[in-house]
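Q: okay, structure incoming, though there's no sequence with it:
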């Protein structure tokens, strides 16, 4: 039996053993008694003894309740210098969550709540319990808000209460001076708390962006500090339960986050993608992606208590949270390089130029001058390889008709290594300096892709947003000026830089690379294109100096052809 069949047989036997174990040795737990009281005895309630295993924190809920219900739907606004949150007494939900210091893609105040989607799927802070009919009733009931009034200023505690005499719902939101709030939500029936979930449906983030961008950057996130798991919106199809314990969970996009921080780490959390077919202004189906939702729940019969952070993914803001949330900004594998680069970029902006475009140019100059010795070593190695290129080609021609698996092929490799040794050339001498630069290239890519500081940050003239692609519209159609200039400078560098190979096909392929880069960078952020363009211009200037003071060495004469 070969290895693959053994593996399949092992999996099959393991599956059979698990099924047999479950059938004969695992006993199903008894069904959980319903929290709903018997209607026959509901009119004559009797006090029950508290269970020794079920915790019931919070104030005791009396078995008979007064009716508490609002007369009409009203909006309650909580507004600070950072945000403006509008609650409705119908359902005690958040209809708008505006971050006042930021604008959306249409230059309107940034509202993280999608009115269109939430109008059909539910608004943030909706409740969900096992009884779907009761959930719908509580999310459409008229609550009584305390304190009253239309506009409140933090710090403030806003309480919503509702009772029909049998079921009591209560939501308490405590606003402080930052972006985070504390919330406590409870639903009680017949003298018992019910397990309750709080949801953020309808998606999260800047909903004015193009659908492709929303689908790319909309994420669900959960886990513990320093060990976060992110799930892309396009990978979600239905409810996705998240195993406890967890320190935080929620939704995020490229620049903003809505994070639940449960008071108890054992509270349940779900991510999911909602089925929704929006329509555009003409009544046709829109290409807007289906939004994801976050759902935090308490599986025990007790109130659900949690903190909620809704704000920008700004490192200073995230670090000020308790616990710090700066791990939401993921700099990738080379974070040890990317974070210092970002701090350097911000330092240059704060203390030198006060413009992120010129800060990118300045930091690129500093990086390229620091890496100049590595580049010099790489170019010197390429020149040495180019000097002996005729000798290398003569050896390759000598064995060009030898098959790859022919033992004579090893003789070719031995002759090549002997040639390198005779002329003191290291064939990998140009690769190592380039490899050392890759972490900086990737780190700079992450620095220019993620930080919210570059969002809507202008540079000069037509560049109004360094986080968006450069698509100048002088004649009514997009004209990518920065990517075009970048391609031209890459062609110039290719012409000026010595190549280690004499193969014409490989040289033509290298000359085609600027076009490939131009196509790739067409939709990249203009700040990232500016970095590569500046690096190319610096590289051209450095290459001019190298060609002047380090002229190309004389080519070695090729070996004479063998006579037949």
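A: Sure, I can see it. Treat the numbers as computed from the prediction; the structure is a model and nothing was measured.

Q: which stretches in the stretch 251-400 of the chain count as helices?
A: Taking DSSP state H, counting those that start in this stretch, the helices of the stretch 251-400 of the chain run over residues 315-319, 335-348, 356-370, 372-387, 389-398.

Q: out of those, which gets the lowest mean score?
A: Confidence, taken as mean pLDDT, is least for helix 372-387 of the helices of the stretch 251-400 of the chain (a mean of 77).

Q: got the buried residues for that helix?
A: Residues of helix 372-387 classed as buried by neighbour count (16 or more other CB atoms under 10 Å): 375, 377, 378, 379, 380, 381, 382, 383, 384, 385, 386, 387. Using the backbone N, CA and C atoms, a C-beta is placed for each residue, glycine as well.

Q: show me what contacts the nearest residue to residue 319 once chain neighbours are set aside?
A: In space, and not counting its chain neighbours, residue 319 is closest to residue 326: 4.9 Å by CB to CB, 6 or more residues apart in numbering. Contact analysis of residue 326 by CB atoms under 8 Å, 6 or more residues apart in numbering lists 315, 318, 319.

Q: among those, which ones are buried?
A: Among these, those scoring as buried are 315, 318 (criterion: 16+ other CB under 10 Å).

Q: distance to residue 494 for the buried residues of helix 372-387 - can I get that in CSV?
A: Listed next are these as CSV, based on distance: CB to CB, whole Å:
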residue, distance to residue 494
375, 15
377, 20
378, 15
379, 13
380, 18
381, 17
382, 12
383, 15
384, 19
385, 16
386, 14
387, 19
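
Q: now tell me what touches the helix ranked longest in the chain from outside.
A: What stands out as the longest helix in the chain, according to DSSP state H, is helix 526-549. The contact list for helix 526-549 (CB under 8 Å, 6+ apart) reads 356-357, 360-361, 364-365, 367-369, 372, 375-376, 379, 444-445, 448-449, 454, 457, 459, 463, 465-470, 482-483, 485-486, 489-490, 492-493, 496-497, 517, 521.

Q: mind doing that once more with 6 Å?
A: 360-361, 364, 368, 379, 444, 448, 454, 463, 466, 470, 482-483, 485-486, 489-490, 492-493, 496, 521 (CB atoms under 6 Å, 6 or more residues apart in numbering).

Q: in that helix, what's buried?
A: Neighbour counts over helix 526-549 (16+ other CB under 10 Å) mark 526-540, 542-543, 546 as buried.

Q: show me where the stretch 201-350 of the chain has its strands.
A: Secondary structure of the stretch 201-350 of the chain (DSSP state E, counting those that start in this stretch): strands located at 219-224, 227-232, 240-242, 248-252, 256-262, 268-273, 292-297, 304-312.

Q: so which of these comes closest to residue 439?
A: The minimum distance between residue 439 and the strands of the stretch 201-350 of the chain falls on strand 227-232, with 22.0 Å, by CB to CB.

Q: okay, now the sheet partners of the closest one, with direction.
A: Here strand 227-232 has these sheet partners by DSSP bridges: strand 219-224 (antiparallel).

Q: still on that earlier bit, quick one, which of the strands of the stretch 201-350 of the chain gets closest to residue 84.
A: strand 304-312 (11.6 Å).

Q: other SSEs contacting that closest one?
A: The helices and strands touching strand 304-312, judged by 3 or more CB pairs under 6 Å, 6 or more residues apart in numbering; DSSP states H and E, are strand 180-189, strand 256-262.

Q: could you redo the strands of the stretch 201-350 of the chain as JSON lines and give each row mean neighbour count?
A: Formatted as JSON lines, the strands of the stretch 201-350 of the chain follow (neighbours: other CB atoms under 10 Å):
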{"stretch": "strand 219-224", "mean neighbour count": "20"}
{"stretch": "strand 227-232", "mean neighbour count": "14"}
{"stretch": "strand 240-242", "mean neighbour count": "15"}
{"stretch": "strand 248-252", "mean neighbour count": "24"}
{"stretch": "strand 256-262", "mean neighbour count": "23"}
{"stretch": "strand 268-273", "mean neighbour count": "21"}
{"stretch": "strand 292-297", "mean neighbour count": "24"}
{"stretch": "strand 304-312", "mean neighbour count": "21"}
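
Q: quick one: the longest helix of the chain to chain centroid distance?
A: 31 Å (CA atoms, centre = their mean, to the nearest Å).

Q: one more: stretch 270-279?
A: Chain-centre distance of stretch 270-279: 19 Å, with CA atoms, centre = their mean.

Q: and for that stretch, what's in contact with it?
A: Residues outside stretch 270-279 that contact it (CB under 6 Å, 6+ apart): 121, 220, 236-241, 285-286, 288, 290-293, 295.

Q: among the contacts of helix 526-549, name the ones in helices.
A: Going by DSSP H, the helices hold 360-361, 364, 368, 379, 444, 448, 482-483, 485-486, 489-490, 492-493, 496 from those.

Q: still on that earlier bit, now a PyMOL select for only the buried ones of the contacts of helix 526-549.
A: In PyMOL syntax, the buried subset of the contacts of helix 526-549 is picked out as below (16+ other CB under 10 Å):
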select buried, resi 360+361+364+368+379+444+448+454+463+466+470+482+483+485+486+489+490+493+521
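
Q: quick one, domains of the chain?
A: The chain breaks down into these domains under automatic domain parsing: 67-278+286-329, 336-388+425-549.

Q: ranked by average pLDDT, which of the ones you listed falls at the bottom?
A: In terms of mean pLDDT, the lowest-scoring of the domains of the chain is domain 336-388+425-549 (a mean of 83).

Q: and the end-to-end length of that domain?
A: For domain 336-388+425-549, the separation between the terminal residues is 36 Å (CA to CA, to the nearest Å).

Q: any idea how far it is from the chain center?
A: Domain 336-388+425-549 sits 24 Å away from the centroid of its parent chain (CA atoms, centre = their mean).

Q: use 791 as the first number from now on
A: Yep, numbering from 791; the last one is domain 1126-1178+1215-1339 now.

Q: from residue 882, how far out is residue 937?
A: Per CB to CB, to the nearest Å, residue 937 is found 14 Å from residue 882.

Q: more crowded one of the two?
A: residue 882 (31 against 10; other CB atoms under 10 Å).

Q: ok, now which ones touch the more buried one?
A: When contacts are counted by CB under 6 Å, 6+ apart, residue 882 touches 933, 950, 961.

Q: Serialize those to a markdown table and add fields for distance to residue 1183, neighbour count and secondary structure.
A: What follows is the contacts of residue 882, written out as a markdown table (distance: CB to CB, whole Å; neighbours: other CB atoms under 10 Å; DSSP: H, G, I helix; E, B strand; the rest coil):
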| residue | distance to residue 1183 | neighbour count | secondary structure |
| --- | --- | --- | --- |
| 933 | 83 | 27 | coil |
| 950 | 81 | 25 | strand |
| 961 | 78 | 26 | strand |
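
Q: closest one of those residues to residue 1017?
A: Using CB to CB, residue 961 comes nearest to residue 1017 of those, at 31.1 Å.

Q: residues in contact with stretch 1203-1211?
A: The contact list for stretch 1203-1211 (CB under 6 Å, 6+ apart) reads 1181, 1185, 1217.

Q: and the buried ones among those residues, selectable in PyMOL?
A: Entered in PyMOL, the line below selects the buried ones among these, by 16+ other CB under 10 Å:
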select buried, resi 1181+1185
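
Q: okay then, goodbye and thanks.
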